[in-house]
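Chemist: Got a predicted structure plus its sequence, pasted below:
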Amino acid sequence: MARKPVSAPLAEPTTVPTPKGVQRGEARTPAPEPQTPPVSPDQKLRLIAQDLSAGGGCQNCKLCKTRKNIVVGEGNPQAQLVFVGEGPGEQEDVMGRPFVGKAGQLLDKMIEAMGLKREQVYIANVVKCRPPGNRNPEPDEILACSQYLDRQLDAIRPQIIVALGKFAMQTLLNTDERITQIRGKFRAYRGAKLMPTYHPAYLLRNPESKREAWEDLQAVARELGIDATGGSSSIAD
Ligand code: URA
């Protein structure tokens, strides 16, 4: 006798509930993608500082063995103008702040002569830890630290960067040129204009070069739309 085919039990019909406010047959508007809020320059700078201080402090190079403090940088996260120096000196190492010694006092005068306040700009260094005895930073130290300066400049996205002295200029522009050859002329740097000029510590030793440095800063002020014509005397002494 032929066997009756066994059929699978029919699944219960399911009813898909219609969401509130939507008529059957009507297309549903897709739910909006969750939006990640943009990270502000201030938050980005805080993250960089956190990264540098994590795990008892950065140990990417040998300067960690002799430093007292990591000098991250300071100033306005929205600054149109960023000054980049070489690396912390003795005072900066003690205080954990950039340009607070004698060279820093001259830098403050230069900033004020431009018609600006220190709080309006951002100040950072190529290396964040003091080279012992204020020696020059070595290539491996610059290489180990340059990611932090890159991140700082990418966070702030200033209109103008002033590279103070040979190390800042050569690191940022990736060049062997001499500061005396290229100071005073804007170069393009990752969407910003970079002005190489003398380091304030050099100007303290060679005051006859202050006039040229002042011309460079006046060009920066003009680019920023600031009238800095009255400030030259304040950096003269
Ligand atoms: N010189 C620098 O290059 N940076 C400082 O922070 C202080 C002195």
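Modeler: Sure, I can see it. Residues are numbered from 1 along each chain as shown.

Chemist: Kindly state the beta-bridge partners for V162.
Modeler: V162 has the following beta-bridge partners by DSSP bridges: F83, M195.

Chemist: Might one say that it is in contact with M195?
Modeler: Yes - using CB atoms under 8 Å as the test, V162 is close enough to M195 to be in contact (5.1 Å). To be clear about C-beta, it is placed using only N, CA and C from the backbone, and glycine gets the same treatment.

Chemist: Flag every residue of this protein that's near the ligand.
Modeler: Taking CB under 6 Å from any ligand atom as the measure of proximity, the chain contacts the ligand at G85, E86, G87, P88, G89, E92, P98, F99, A103, G104, N125, A201.

Chemist: C-alpha coordinates for the longest helix along the chain, CSV please?
Modeler: Ordering each helix of the chain by length in residues (DSSP state H) puts helix 139-156 first. Coordinates of the C-alpha atoms in helix 139-156 are reproduced here as CSV (Å, rounded to 0.1, in the frame of the first residue of the first chain):
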residue,chain,number,x,y,z
PRO,A,139,68.1,62.4,15.7
ASP,A,140,66.7,59.3,17.5
GLU,A,141,65.1,61.5,20.2
ILE,A,142,63.6,63.8,17.5
LEU,A,143,62.3,60.8,15.6
ALA,A,144,60.8,59.2,18.8
CYS,A,145,59.0,62.4,19.7
SER,A,146,57.9,63.9,16.4
GLN,A,147,54.6,62.0,16.3
TYR,A,148,53.4,64.1,19.3
LEU,A,149,54.3,67.4,17.6
ASP,A,150,52.5,66.2,14.4
ARG,A,151,49.4,65.3,16.4
GLN,A,152,49.5,68.7,18.2
LEU,A,153,49.6,70.6,14.9
ASP,A,154,46.9,68.4,13.3
ALA,A,155,44.7,69.0,16.4
ILE,A,156,45.1,72.8,16.3
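
Chemist: Would you mind pulling up the elements that it packs against?
Modeler: helix 41-53, strand 81-85, strand 122-125, helix 165-173 (3 or more CB pairs under 8 Å, 6 or more residues apart in numbering; DSSP states H and E).

Chemist: Give me the distance from the third one to the chain's centre.
Modeler: It stands for strand 122-125. From the chain centre to the centre of strand 122-125 is a distance of 7 Å (CA atoms, centre = their mean, to the nearest Å).

Chemist: try the longest one
Modeler: Computed by CA atoms, centre = their mean, the chain-centroid distance of helix 41-53 equals 10 Å.

Chemist: burial measure for the residue of the chain found nearest the ligand, as a count.
Modeler: Of the residues in the chain, the one nearest the ligand is G85, at a distance of 2.9 Å by CB to the nearest ligand atom. Taking other CB atoms under 10 Å as the neighbour definition, G85 ends up with a count of 28.

Chemist: Show the pLDDT at it.
Modeler: At G85, the predicted lDDT confidence score is 98.

Chemist: got a list of what it touches?
Modeler: G85 sits next to P98, F99, A103, L107, I123, A124, N125, V126, L164, G165, A168, H199 when contact means CB atoms under 8 Å, 6 or more residues apart in numbering.

Chemist: Give me the contact list for the longest helix of the chain.
Modeler: Contacts with helix 139-156, where a contact means CB under 8 Å, 6+ apart, come from 41, 44-45, 48, 51-52, 60-63, 72-73, 77-79, 82, 84, 122, 124-129, 131, 137, 161, 167, 171-172, 190, 192.

Chemist: Quick check on the residues you listed: which are buried?
Modeler: Among these, those scoring as buried are 41, 44-45, 48, 52, 60-61, 63, 72-73, 79, 82, 84, 122, 124-129, 131, 137, 161, 167, 171-172, 192 (criterion: 16 or more other CB atoms under 10 Å).

Chemist: Many thanks, I have nothing further to ask.
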